[in-house]
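Enquirer: any chance you can model this:
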Amino acid sequence: MLQVLDAMVAEAGADRVGIKLSPEMNYNSITDAAPQETYAYLVDQLRGKGLAYLHVALFGAKFDYHAMLRPRFGGTYLIGSGLTQDSAEKLVADGKADAVVFGSAFLANPDLPERFRVGAALNAPDHKTYFSPPTAQGYIDYPTLATA
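Expert: Coordinates of the predicted model:
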């Protein structure tokens, strides 16, 4: 990972390269016997590279990786995964993140900032359409406030 990241930085410049980490995600039954040590080491290696950002998304991890990783990185720190407008605003207001990331919420709500601004209800993401054969269903067919 670090060699690929270095090659990307050499090609595009560090200010145009960011990285997303998902400690303990357990995708496809992949696990790490010592994830805290692994991610501490990795982020220590990222510090000082001048990357545009570090995005950390947690999926059920019991350990507070944000508290461990944010100070280690020393640059722009993003948090994502399962956030609401309130939880996202609190993370930024409390200084725990420089910015927040909305993945599936943005996919299902292409006008998400406007929905947040006016307090509108959110469309629910259709997880059955993720990673399915390419069709418009589930990716570009969600209603916006203007079409609802």
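Enquirer: what's in contact with stretch 139-148?
Expert: Stretch 139-148 is contacted from outside by 107-111, 114-115, 118, 120, 123, 129, using Cβ atoms under 8 Å, 6 or more residues apart in numbering. All C-beta spots, glycine's among them, are computed from the backbone N, C-alpha and C.
Enquirer: what is the burial count for Ser104?
Expert: 15 (other Cβ atoms under 10 Å).
Enquirer: what do you get for Gln137?
Expert: Counted with other Cβ under 10 Å, Gln137 comes out at 13.
Enquirer: host element of Ala120?
Expert: Using DSSP states H and E, Ala120 sits within no helix or strand.
Enquirer: wait, isn't Gly60 in contact with Glu24?
Expert: Yes - with contacts counted by Cβ atoms under 8 Å, Gly60 reaches Glu24, the gap being 6.9 Å.
Enquirer: the two: who's more crowded?
Expert: Between Gly60 and Glu24, counting by other Cβ under 10 Å, Glu24 is the more crowded of the two (17 against 9).
Enquirer: contact partners for that one?
Expert: 31-32, 35, 58-61, 63.
Enquirer: hey, where'd the strands end up in this structure?
Expert: With DSSP state E, the ranges of strands along the chain come out as 18-21, 53-57, 77-80, 99-101.
Enquirer: list the helices and strands the last one packs on?
Expert: In this structure, strand 99-101 packs against strand 53-57, strand 77-80, helix 85-93, with contacts taken as 3 or more Cβ pairs under 8 Å, 6 or more residues apart in numbering; DSSP states H and E.
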